[in-house]
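[1] The following comprises the amino acid sequence and a computationally predicted model.
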Amino acid sequence: MRCGGATPILLNVLFRRRNARRRSEGRDVEASLESYETETERGARGKKLADSIIKERLAACVNIVPGIESVYWWEGKVQTDSEELLIIKTRESLLPVLTEHVKANHEYDVPEVIAMPITGGNTKYLEWIKNNTMEN
């Protein structure tokens, strides 16, 4: 467990709010893109997880940011760990499959799983994300 013990509940609440907002704005929810985050221990594990995500076409790009220090509450006390942050660009429709893939291939008992909508950016880059992920 690393920072994010309440993440599944928070993720569900955020998805419901965002999807309701998008429907009310007339946006195509299935065509939207997400930036998804998880953390791994330092070392080859982050690269291995990133490679498996890309090979399965669950994301177009995974950035591995080294040197993250996480401070969190776990098993009744404050814990500190050195980690790597994975920033994953994908389609919103792939989030359930991507989440299961991360949980199945992650070293933590309760990995951080956070998704945030991409609300704008370079149109060609956003199209590239859509064109380089599996359709679901």
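    Here it is on my side, so go on.
[2] Am I right that Asp51 sits in a strand?
    No - under DSSP: H, G, I helix; E, B strand; the rest coil, Asp51 falls outside any strand and is assigned helix.
[3] Next, count neighbours for it.
    Asp51 has 12 neighbouring residues, counting by other CB atoms under 10 Å. (Each C-beta comes from the backbone N, C-alpha and C, glycine too.)
[4] Show the pLDDT at it.
    In this model, Asp51 is scored at 97, pLDDT.
[5] Check the gap between it and Pro96 for me.
    Plainly put, Asp51 is 21 Å away from Pro96 if you go by CB to CB, to the nearest Å.
[6] same check, this time on Ile114
    Counting by CB to CB, the gap from Ile114 to Pro96 is 14 Å.
[7] same thing with Tyr125?
    Per CB to CB, Tyr125 is found 24 Å from Pro96.
[8] So which bits of stretch 126-135 are buried?
    Using 16 or more other CB atoms under 10 Å as the test for burial, stretch 126-135 gives Leu126, Ile129, Thr133.
[9] Can you tell me, leaving aside adjacent residues, what's nearest to the second one?
    In space, and not counting its chain neighbours, Ile129 is closest to Ala60: 4.3 Å by CB to CB, 6 or more residues apart in numbering.
[10] What backbone torsions are found at the one you found?
    The phi/psi pair for Ala60 (degrees, to the nearest 10) reads phi -90, psi -30.
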